[in-house]
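Asker: below are the sequence and a predicted model; questions follow.
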Amino acid sequence: MDKVEIYTDGSCLYNPGPGGWAAILVCRGKEKVISGGEADTTNNRMELLGAISAYEALKRPCEVVFCSDSKYVIDGLSQGWAKSWRARGWKKADNKPALNQELWQRLLDACEPHKTEFIWIKGHAGHPYNERCDALAKEEAEKYQKEE
C-alpha cells in the first residue's frame with residue numbers, strides 16, 4: 001500500500017466571495033500539485049474541495065497522512081462528526097442542518113478506501129507545504145476576483 005502525505009488549504013477573499021483551494025500530494029519523493037476555485041463560495045467549501053480533490057486524485061487505496069490547517073475538515077473527519085451528521089440525516093447534534101452536506105458526502109466517499117491519519121497544522125506558522133497550499137489557494141481565488 002502506497003504511503004501518501006496530503007496537504008490542503010482553502011481560501012475565500014470575502015467569505016462569501018471568490019475562493020480557491022489547493023492540495024499537494026507527496027508519494028515516493030514526488031509531488032503532485034492541484035488547485036482550483038469558484039467565483040462565489042465560502043472558506044469552508046474551499047477547505048472541503050481541497051481535501052476532496054486530493055483524495056479523488058488517489059488511484060488506489062493508500063495509507064494517507066492528511067494535513068490541514070482547517071479544524072472544520074480535520075475535526076469533521078477525525079472526530080467522526082461528518083459520519084454522525086450523515087447518520088442523522090445531515091443534522092448536527094443540536095438538530096440543526098449540517099452545512100455543505102454534498103461536499104461532506106463526497107469527502108466521506110473519497111476517504112473510504114484509505115487508511116488515514118489526520119494532522120492539524122497551525123496555519124501561517126511557516127510549515128512549507130501549508131504555506132505553499134495557502135499561496136496557491138489565494139492565487140486561485142484572485143483569478144475569480146478578476147473575472148467579476
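Answerer: Thanks, I have the structure now. Values in this document were obtained by computation on a predicted structure and should not be read as measured data.

Asker: how about E56, what does it touch?
Answerer: Counting by Cβ atoms under 8 Å, 6 or more residues apart in numbering, E56 touches R106, A110. Just so you know, the C-beta spots here come from the backbone N, C-alpha and C atoms, and that holds for glycine as well.

Asker: at 7 Å what do you get?
Answerer: Each residue near E56 by Cβ atoms under 7 Å, 6 or more residues apart in numbering is listed here: A110.

Asker: and the pLDDT for G123?
Answerer: Residue-level confidence at G123 comes out at 89, pLDDT.

Asker: that one against S70, yeah?
Answerer: No. Judged on Cβ atoms under 7 Å, G123 makes no contact with S70 at a distance of 8.3 Å.

Asker: these two: which is more packed in?
Answerer: Comparing G123 with S70 by neighbour count (other Cβ atoms under 10 Å), the higher total belongs to S70, at 21 against 15.

Asker: measure that one to F118 for me?
Answerer: As for S70, its distance to F118 is 11 Å (criterion: Cβ to Cβ, to the nearest Å).

Asker: excluding covalently adjacent residues, which one is nearest to R132?
Answerer: I24 (6.3 Å; Cβ to Cβ, 6 or more residues apart in numbering).

Asker: what about A82, neighbour count?
Answerer: 24.

Asker: that one and D40, how far apart?
Answerer: 24 Å.

Asker: ok, A141 next?
Answerer: 11 Å.

Asker: among those two, which residue is more densely surrounded?
Answerer: Legend: neighbour count by other Cβ under 10 Å for A141 and D40, higher for A141 (25 against 13).

Asker: show me the contacts for the more buried one.
Answerer: S11, C12, L13, P18, G19, G20, G37.

Asker: change it to 8 Å
Answerer: Per Cβ under 8 Å, 6+ apart, neighbours of A141: S11, C12, L13, G17, P18, G19, G20, G37, M46.

Asker: in helices, which of those fall?
Answerer: Among those, DSSP state H puts M46 in helices.

Asker: in CSV: the contacts of A141, plus distance to P128, pLDDT and neighbour count.
Answerer: Shown next, in CSV, are the contacts of A141 (distance: Cβ to Cβ, whole Å; pLDDT from 0 to 100; neighbours: other Cβ atoms under 10 Å):
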residue, distance to P128, pLDDT, neighbour count
S11, 17, 96, 26
C12, 23, 96, 24
L13, 24, 94, 17
G17, 27, 96, 17
P18, 26, 97, 24
G19, 23, 97, 30
G20, 19, 98, 28
G37, 22, 97, 26
M46, 20, 98, 29
